[in-house]
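J.: Here you go, sequence then predicted model.
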Amino acid sequence: MINKKISILGSTGSIGTQTLDVVRFHGDIEVLAISGNKNIKVLEQQTREFKPGLICVYDDELAETFKEKIKDLKNIEVVSGMDGLIKVATLQNVDMVVTAVVGMIGIKPTIEAIKAGKDIALANKETLVTAGHLIMPLIKKMGVKLFPVDSEHSAILQAIHGYKNDDIYKILLTASGGPFRGRKKEDLANIKLEDALKHPNWSMGAKITIDSSTMVNKGLEVIEAKWLYDVDIDQIQVVVQPTSIIHSMVEFKDGAVIAQLGTPDMRLPIQYALYETERLNLPGERLDFHKLKNIEFEEPDMETFEGLKLAILVGKIGGSLTTVFNAANEKAVALFLDRKIGYLDIFAIIKECVENHENIENPSLEEILATEKWTYDFIEDSLK
Ligand code: MG
C-alpha cells in the first residue's frame, strides 16, 4: 500500500541515494520525481528502478543526453534548469519534497514547494541559513510540515517530541570536531585537500565534509536550529563529542536533558522525516553500551576554528549577513576543492566578505540572491 508520494531534489547525492535506500527498504513510498545535476548514470539507474514520471537534469546539455539514454522508457518527462527543479518541487500529487540539493540553488525550489502546499524534508542547509525569516512564516501560513533531515536537528526534534519549543531552556548541538580537532591554527596552514576530505565518523558529500573539518558546518547548523526551534542563538551551545554517538541534546526548563544517541547513520534522520516521526524498523549497526564504555565531551576551539565563531556572530545579527557568510564559504570551499587556495584562506575569505558587507535587515528573496552575487563578485575581485 502506498503511504506517501514524494519527489527528491538532488537524488544522486549522498542524502538522495540514502533516501532511496529507505524507500527501497519499506516499499510503501512512491517516488514521482527526481532531480540531479551531472551524474546522469546514477540518475538513469534510479529512473529504471523507481520509475518516476518526471526527471530534472539540471544541466541543459546533459538533459538531452539523458533523454537519449532512457528513450526506451514510456511516459517520462525530462526537464532541466531552475524551471525544471521547480517543476519537480511542485509536481501535482506529491505529498512531500525531499530537498537534498547542495547550495543556494535549493532555496527557490523549496519556497515554491511550500507555496504549493508540500511538506518538506529539509536537507538543504542554505534554505534556513539565508532565508529562515521568509521560510518559517511561510510554513506557518501554508500549514505545511517541515522535517529536518540533518542528524543534529533530527536529534533535537526527537528529544522535543511531545514537548513545546517553549519548554526548551537550551539546545546542546553536538559536533565531532572533525578530522583536525585538537590542532592549532599554525597546524592548519598546510592542510591538504585529501586530509580535509577524511571525516572520522560520517560519510558525506565533499562540500559538507570540508565544512565539517572547518566547523563552518556546525555554525550553519546553529543558525538553522535557531529558526527550526524558535530559540535565541544564545540558547544554543555547541558541544564537541568526538565519536558522534550523541547526535544532539535538549535541556528543558526543569533542568532535564534529553539526548538522542545512535550509530552515525543518516538513514535514521531521513526515515524519521519521511515517516513524520513514526518509529519504524531500520536495519544496520546498533550501539553496544558494553563496548562503548564512555562518551567524552569537549568545548569547541573557536579561536582555531574561527568559522564557527563567525557563524554565531552573523547568526545573532541576522539579515543578509548570514547569506554573505554562507556564500563566501561556498565559494571558498569550491576554490579549496579546486586547489586554488589554502585551507586557512577559507576563514580569511569568509571574514573579509562579512566585514565588507552592508547588512540588509529582513532581506527579500531577490535581495538574498543579489547578496549572494555580491559575495561571489567580491571574492573574484579580491583574487585578481
Ligand atoms: Mg549535521
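T.: Perfect, thanks for sending it.

J.: For beta bridges, what are the partners of the nearest residue to residue 145 once chain neighbours are set aside?
T.: Setting aside the residues directly before and after it, residue 145 is nearest to residue 119 in space (Cβ to Cβ, 6 or more residues apart in numbering), at 4.4 Å. Quick note: C-beta positions are derived from backbone N, CA and C, even for glycine. Assessed by DSSP bridges, residue 119 has beta-bridge partners residue 96.

J.: Can you tell me how far residue 119 is from the ion?
T.: 21 Å (Cβ to the ion, to the nearest Å).

J.: so that residue touches residue 147, yeah?
T.: Yes. In this structure residue 119 lies within contact range of residue 147 using Cβ atoms under 8 Å: 7.4 Å.

J.: what sits in contact with each of these two?
T.: Here residue 119 and residue 147 have residue 276 as joint contacts, going by Cβ atoms under 8 Å, 6 or more residues apart in numbering.

J.: buried sites along the one helix or strand residue 129 maps to?
T.: Taking DSSP states H and E as the definition, residue 129 sits inside helix 125-142. Buried positions in helix 125-142, judged by neighbour count with 16 or more other Cβ atoms under 10 Å: 125-136, 138-139.

J.: again, but for stretch 157-170
T.: 157, 158, 159, 160, 168, 170.

J.: Which residue comes closest to the second one once chain neighbours are left out?
T.: The reference is to residue 158. Counting by Cβ to Cβ, 6+ apart, the residue nearest residue 158 is residue 260, at 4.5 Å.

J.: would you say the one you found is within a strand?
T.: Yes. Counting by DSSP: H, G, I helix; E, B strand; the rest coil, one finds residue 260 located in a strand.

J.: Can you measure across stretch 106-124, start residue to end residue?
T.: For stretch 106-124, the first and last residues are 6 Å from each other (Cα to Cα, to the nearest Å).

J.: what's the average pLDDT for it?
T.: Averaged across stretch 106-124, pLDDT comes to 97.

J.: What does residue 257 show for phi and psi?
T.: phi -120, psi 130 (degrees, to the nearest 10).

J.: now the helix or strand harbouring residue 348, how far from the centre of its chain.
T.: Per DSSP H and E, residue 348 falls inside helix 345-356. Relative to its chain's centre, helix 345-356 lies at 22 Å (Cα atoms, centre = their mean, to the nearest Å).

J.: Could you give me the buried positions within that helix?
T.: Buried-residue list, helix 345-356, by 16+ other Cβ under 10 Å: 345, 346, 347, 349, 350, 352, 353, 354.

J.: if you skip the residues just before and after it, what's nearest to the fifth one?
T.: Pointing back at residue 350 there. residue 328 is the one closest to residue 350 (Cβ to Cβ, 6+ apart), at 4.4 Å.

J.: Distance of the one you found relative to the ion?
T.: From residue 328 to the ion the distance is 20 Å (Cβ to the ion).

J.: Quick one, grab the pLDDT at that residue.
T.: pLDDT, read off for residue 328, is 97.

J.: swap in the one 5 residues further on?
T.: Residue 333 is assigned a pLDDT of 95 by the prediction.

J.: if we can go back for a sec, can I get the buried residues of helix 345-356 in CSV including distance to the ion?
T.: Converted to CSV, these look like this (distance: Cβ to the ion, whole Å):
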residue, distance to the ion
345, 24
346, 18
347, 20
349, 23
350, 19
352, 26
353, 23
354, 22
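
J.: Which pair of the buried residues of helix 125-142 spans the longest distance?
T.: Using Cβ to Cβ, the two most remote members of the buried residues of helix 125-142 are 125 and 138, lying 17.6 Å apart.
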